[in-house]
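# Need the 3D shape of this:
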Amino acid sequence: MKINNFNRVNLNPYIKQAEKLEKAEKAGRKDKVEISPEAKELQQVSQIELERQEKVKKISEQIKAGEYEIKPEEIARKLYDFWNNSL
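Have a look, this model is predicted:
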């Protein structure tokens, strides 16, 4: 009886292919960060808050310098728009 000589390479020909796939998967993986909608909203709110603080500071400086001008027509228009749009 003759026994064929087994070569270790031929023992499992799929090992190399599996290793290549594993290396490709590891190389292809990248970290991914997702920002939640709540975090995006907080970021926008903080930006709006900064803009509002700057506006208040500017108006305060104008009042102290006596340069602030009250515009009754503009105030009335904004109040009118606010109350009509909120209903």
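
# What count of nearby residues applies to Arg77?
When neighbours are defined as other Cβ atoms under 10 Å, Arg77 has 11 of them. Glycine gets a C-beta too; all of them are placed from N, C-alpha and C.

# repeat for Ser86
Applying other Cβ under 10 Å, we find 6 residues neighbouring Ser86.

# give the contact list for Tyr68.
For Tyr68, the contacting residues are Ile59, Gln62, by Cβ atoms under 8 Å, 6 or more residues apart in numbering.

# per-residue pLDDT, it?
With respect to pLDDT, Tyr68 scores 91.

# what's the answer for Gln44, then?
Value for Gln44, per-residue pLDDT: 84.

# Can you tell me how far it is from Leu50?
To Leu50, Gln44 is 11 Å away according to Cβ to Cβ, to the nearest Å.

# With just CA atoms, put stretch 62-80 into CSV.
Taking Å, rounded to 0.1, in the frame of the first residue of the first chain, the C-alpha atoms of stretch 62-80 are listed here in CSV:
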residue,chain,number,x,y,z
GLN,A,62,-24.9,101.8,23.5
ILE,A,63,-27.2,102.6,26.4
LYS,A,64,-24.3,103.6,28.6
ALA,A,65,-22.9,105.8,25.9
GLY,A,66,-26.3,107.4,25.3
GLU,A,67,-26.3,106.2,21.7
TYR,A,68,-29.1,103.6,21.9
GLU,A,69,-32.1,104.7,19.8
ILE,A,70,-35.5,103.3,20.4
LYS,A,71,-37.6,102.6,17.3
PRO,A,72,-41.2,102.3,18.3
GLU,A,73,-42.4,101.3,14.8
GLU,A,74,-39.9,98.4,14.7
ILE,A,75,-41.0,97.3,18.2
ALA,A,76,-44.7,97.4,17.3
ARG,A,77,-44.0,95.5,14.0
LYS,A,78,-42.2,92.7,15.8
LEU,A,79,-44.8,92.4,18.5
TYR,A,80,-47.5,92.3,15.9
